[in-house]
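[1] Sharing a sequence plus its predicted fold:
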Amino acid sequence: MLKTNWENKEKLSSYLKAHPSINNLYKVNNGYDYLAEAIFGNVKELEEFMDELDKKIPLEDMKSHYIIEDLKREGFLNEA
């Protein structure tokens, strides 16, 4: 979950859309601007991404959540 100031929203969106590790990107509400699903090979790659992002675009807030276990994945696609 990412939040930036009004002036940097489009810059953040463009950066995230172009980044190869971002798998899905959503515009959201309730205090944040974007929800980004990213895939990294290891924690070091994630930390490098976060450092690079912090240098390029000032964020007001960022929350990270890590997937511990897949409990159900895209079930509606398997019903056809």
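    Yes, it's here.

[2] For the rest of this, base every contact and every neighbour count on C-alpha atoms.
    Will do.

[3] can you map out the strands along the protein?
    Secondary structure of the chain (DSSP state E): strands at 2-4, 22-27, 34-38, 59-62.

[4] Export the ones you listed as TSV, with columns for mean pLDDT and mean neighbour count.
    Shown next, in TSV, are the strands of the chain (pLDDT from 0 to 100; neighbours: other Cα atoms under 10 Å):
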stretch	mean pLDDT	mean neighbour count
strand 2-4	97	20
strand 22-27	97	13
strand 34-38	96	18
strand 59-62	94	13
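
[5] Which among these is found nearest to residue 69?
    Nearest to residue 69 among the strands of the chain is strand 34-38 (15.0 Å), distances taken as Cα to Cα.

[6] so can I have JSON lines of the strands of the chain showing distance to residue 72?
    Listed next are these as JSON lines, based on distance: least, Cα to Cα, whole Å:
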{"stretch": "strand 2-4", "distance to residue 72": "25"}
{"stretch": "strand 22-27", "distance to residue 72": "17"}
{"stretch": "strand 34-38", "distance to residue 72": "16"}
{"stretch": "strand 59-62", "distance to residue 72": "26"}
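
[7] Any idea which of those strands gets closest to residue 71?
    strand 34-38 (16.7 Å).

[8] List the neighbours of that closest one that are in contact with it.
    1-3, 13, 16, 21-28 (Cα atoms under 8 Å, 6 or more residues apart in numbering).

[9] which two from those residues end up farthest apart in space?
    Most distant of the contacts of strand 34-38, by Cα to Cα, are 21 and 28, 19.5 Å apart.

[10] Between the two, point out the one with more neighbours.
    The neighbour count for residue 21 versus residue 28, taken as other Cα atoms under 10 Å, is higher for residue 21 (17 against 14).

[11] And the more buried one, what's its pLDDT?
    If you check residue 21, the pLDDT there is 97.

[12] State the distance from it to residue 36.
    For residue 21, the distance to residue 36 (Cα to Cα, to the nearest Å) stands at 10 Å.

[13] for residue 6, same thing?
    The gap separating residue 6 from residue 36 is 18 Å, by Cα to Cα.

[14] do the same with residue 75
    For residue 75, the distance to residue 36 (Cα to Cα) stands at 21 Å.
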